[in-house]
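Participant: Show me the folded form of this:
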Amino acid sequence: MYKKNPLILPGIIFFLILTGFFSFHQEALSGRHDGIDTAFAESTNSRPFGVFNDMVVEKGGLSIQEALELGNQRTRLILHWKMVEPRKGKFNFALVDRVIDMHHKLGIKPLVTIRCISKWGTKRPSAKDRSAPPRDMSTYRRFIRKVASRYKGKVGYWQIENEVYDTTLGNSKFWNGTKEEYIELLKNAYDEIKKADPGANVVMAGFANVIFREIDRGNGKIKSFFEYLMNKGGNYCDTVDFHQYYEPDTVYNEVKILRDTMKKMGLKKEVISTEAGDLDIRLFPKHILHPEKPIPVVQKFLAIPDVRNKIKQLKKNKITPDELVEFAIFLKKNPRSGPILEKYQAENLVKRYCISLSQGVSQIYWVWMRDQEKPIDWFFGSMCLQDTDGRKKPHFWTYKLLILKLENFRRVKEIKNKTGAKIFRFDMAKGSPKYILWSDNGRKKLDISSLVSGSKVKITRIITQRGKTIRDVKTKTVSPKSIILDETPVFVEYR
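Facilitator: I've put the predicted structure just below:
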């Protein structure tokens with residue numbers, strides 16, 4: 001028969017190839033063949049978008065209007081003991097009242113991180129604003145009681161300290177005490193807060209991302225330290241917090257370590273992230289010291305001659321904080337590296353939120369609203385949403401776009417696939433699901449027709465260029481069978 005009609009055999013082969021490809025396409029997008037559960041995140045929050053607004057710096061209260069312009073419904077503030085009780089028994093709530101009332105009038109219940117910083121009230125007072133155990137726990141309890149009672153119903157979350165760790169990780173710039181002393185502090189604060197405001201949530205001190213990296217490297221001391229805090233502190237908090245920097249994909253491992261540890265100890269806690277930001281300048285010395293492990297974003301900057309020359313000037317064995325400050329400012333202001341930095345920040349913001357939300361993280365706070373005029377350190381000097389003079393960066397507008405697009409989403413999942421693309425599905429309270437897509441593995445064409453209905457979808461790219469605002473966002477209509485992806489995330493919508 002094949003000899004009589006030579007077109008039959010090629011036709012059959014072509015049909016098998018075509019149907020085989022279609023089957024692969026369906027499997028590639030379903031995630032059923034990679035052994036990874038693609039179930040929706042167990043807990044989501046339709047208002048997860050926050051900003052670390054601060055209250056220690058007096059300008060902190062001024063940027064709340066800009067946070068509102070974003071569409072934020074969450075802010076994180078810092079409260080030092082010395083701010084309300086500068087002398088023993090002498091309370092002054094003027095500044096804190098002003099900031100909390102400002103939030104209350106706007107319908108925002110902030111998360112407030114309380115730090116035990118007092119010249120007269122702590123065992124080891126520090127000129128560098130390091131928290132320390134109180135001299136007399138009863139005076140600390142009185143302070144907590146007054147604060148929690150005064151702002152009952154106005155503050156939703158009270159966090160006890162920030163990035164607590166002892167000499168296991170070297171000297172912490174936030175805590176001058178032991179892990180045992182921290183647990184005692186947390187226990188007493190929890191007791192007073194729950195008595196004053198039973199509806200308030202108590203948050204354990206945020207875990208620095210260095211802890212998770214060290215655990216992943218097999219550092220037994222760090223793991224024991226982390227598990228001690230989780231085990232002993234688990235009974236005195238409602239929520240656990242982790243801080244995310246470096247690259248977005250590190251979030252997967254950080255949340256996994258948190259959840260595995262909670263499961264091991266029988267804990268069920270809300271997971272939030274009160275600090276999220278980029279670009280982390282630590283990636284550069286990491287690359288210098290370990291060039292055998294290329295870091296993609298660093299490679300982009302190294303393609304610029306000025307950046308390569310600047311890096312050569314840095315000390316290879318020990319890069320000082322002053323050098324990091326200088327390098328951070330250089331990257332931001334250099335005419336060739338500045339645009340790359342801002343594009344990277346906008347892309348990273350979207351990727352962090354997608355990954356975090358898909359892992360069940362219920363609140364994420366970006367760091368911060370404004371760059372520092374003279375960076376408080378090299379770290380926060382240029383990753384904020386605005387310049388020091390208030391000019392909005394691309395990732396300010398991208399954040400606003402993200403919040404607008406995902407308003408009233410109900411649940412989210414990452415759709416694992418074999419194409420190498422990142423696909424996140426957001427189910428909305430009303431209407432069809434929305435997707436956010438990108439590719440971290442080069443430019444590629446993707447067919448998502450099996451995920452959407454209809455012959456057309458709307459594609460919206462995020463804002464990555466200085467000078468563009470939310471008014472410049474453009475949407476184009478394309479076939480779901482031929483979506484072109486690269487490293488810049490896009491929103492995909494359909495009716």
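Participant: Next, count neighbours for residue 415.
Facilitator: 19 (other CB atoms under 10 Å). Heads up, the C-betas are built off the backbone N, CA and C, glycines and all.
Participant: State the helix or strand in which the nearest residue to it once chain neighbours are set aside lies.
Facilitator: Nearest residue to residue 415, sequence neighbours excluded (CB to CB, 6 or more residues apart in numbering): residue 423, at 4.2 Å. Taking DSSP states H and E as the definition, one finds residue 423 inside strand 421-428.
Participant: now do residue 257
Facilitator: Per DSSP H and E: helix 250-265 holds residue 257.
Participant: where in the stretch 151-300 of the chain is pLDDT low?
Facilitator: Applying pLDDT under 70 to the stretch 151-300 of the chain flags residues 167-171, 289, 292.
Participant: Which stretches in it count as helices?
Facilitator: Applying DSSP state H, counting those that start in this stretch to the stretch 151-300 of the chain gives helices spanning 179-196, 209-216, 220-233, 250-265, 283-289, 296-302.
Participant: Residue 155 is nearest to which of those helices?
Facilitator: Across the helices of the stretch 151-300 of the chain, residue 155 has its closest neighbour in helix 179-196 (9.5 Å, CB to CB).
Participant: Same question for the closest one: list its buried residues.
Facilitator: Under the neighbour-count criterion of 16 or more other CB atoms under 10 Å, helix 179-196 has 179, 181-190, 192-194, 196 buried.
Participant: and of those residues, the nearest to residue 477?
Facilitator: Nearest member of the buried residues of helix 179-196 to residue 477, counting by CB to CB, is residue 193, at 52.0 Å.
Participant: so how far is residue 158 from the nearest residue to the closest one once chain neighbours are set aside?
Facilitator: The shortest distance from residue 193 to any non-neighbouring residue, by CB to CB, 6+ apart, is to residue 148 (4.6 Å). As defined by CB to CB, to the nearest Å, residue 148 lies at a distance of 7 Å from residue 158.
Participant: Can you check which residues contact both of those two?
Facilitator: The contact sets of residue 148 and residue 158 overlap at 193, 200 (CB atoms under 8 Å, 6 or more residues apart in numbering).
Participant: More neighbours: those two, which one.
Facilitator: Legend: neighbour count by other CB under 10 Å for residue 148 and residue 158, higher for residue 158 (28 against 22).
Participant: residues in contact with that one?
Facilitator: The contact partners of residue 158, by CB under 8 Å, 6+ apart, come to 111-112, 114, 148, 189, 193, 200-203.
Participant: And the helix or strand containing the residue nearest to residue 193, what does it pack against?
Facilitator: Under the criterion of DSSP H and E, residue 148 resides in helix 137-150. Other elements packing on helix 137-150 under the criterion 3 or more CB pairs under 8 Å, 6 or more residues apart in numbering; DSSP states H and E are helix 81-84, helix 179-196.
Participant: Under the pLDDT cut-off, which ranges of the stretch 301-450 of the chain? List them.
Facilitator: The model of the stretch 301-450 of the chain has pLDDT under 70 over residues 315-318, 373-381.
Participant: And stretch 71-85, how far out from the chain middle?
Facilitator: 18 Å (CA atoms, centre = their mean, to the nearest Å).
Participant: hang on, I meant stretch 314-332
Facilitator: 24 Å.
Participant: And that stretch, what's buried?
Facilitator: Judged by neighbour count (16+ other CB under 10 Å), stretch 314-332 contains these buried residues: 314, 319, 323-329, 331-332.
Participant: for stretch 92-109, same thing?
Facilitator: Within stretch 92-109, the residues that qualify as buried are 95-96, 99-100, 103, 108-109, counting by 16+ other CB under 10 Å.
Participant: next one: stretch 457-477
Facilitator: For stretch 457-477, by 16+ other CB under 10 Å, it's 457, 459-464, 468, 473.
Participant: For residue 305, state which of those is nearest.
Facilitator: Looking across the buried residues of stretch 457-477 and measuring by CB to CB, the closest to residue 305 is residue 464, at 22.8 Å.
Participant: sec struct for the closest one, please.
Facilitator: Secondary structure, DSSP: H, G, I helix; E, B strand; the rest coil: residue 464 is coil.
Participant: repeat for residue 410
Facilitator: strand.
Participant: Looks like it contacts residue 428 (just checking).
Facilitator: Yes. Between residue 410 and residue 428 there is a contact at 6.6 Å, judged by CB atoms under 8 Å.
Participant: which pair in the contacts of residue 158 spans the largest distance?
Facilitator: Farthest pair in those (CB to CB) is 111 and 189. Separation: 14.5 Å.
Participant: Would you mark the buried spots in stretch 72-90?
Facilitator: Going by 16+ other CB under 10 Å, stretch 72-90 has these buried residues: 72-85.
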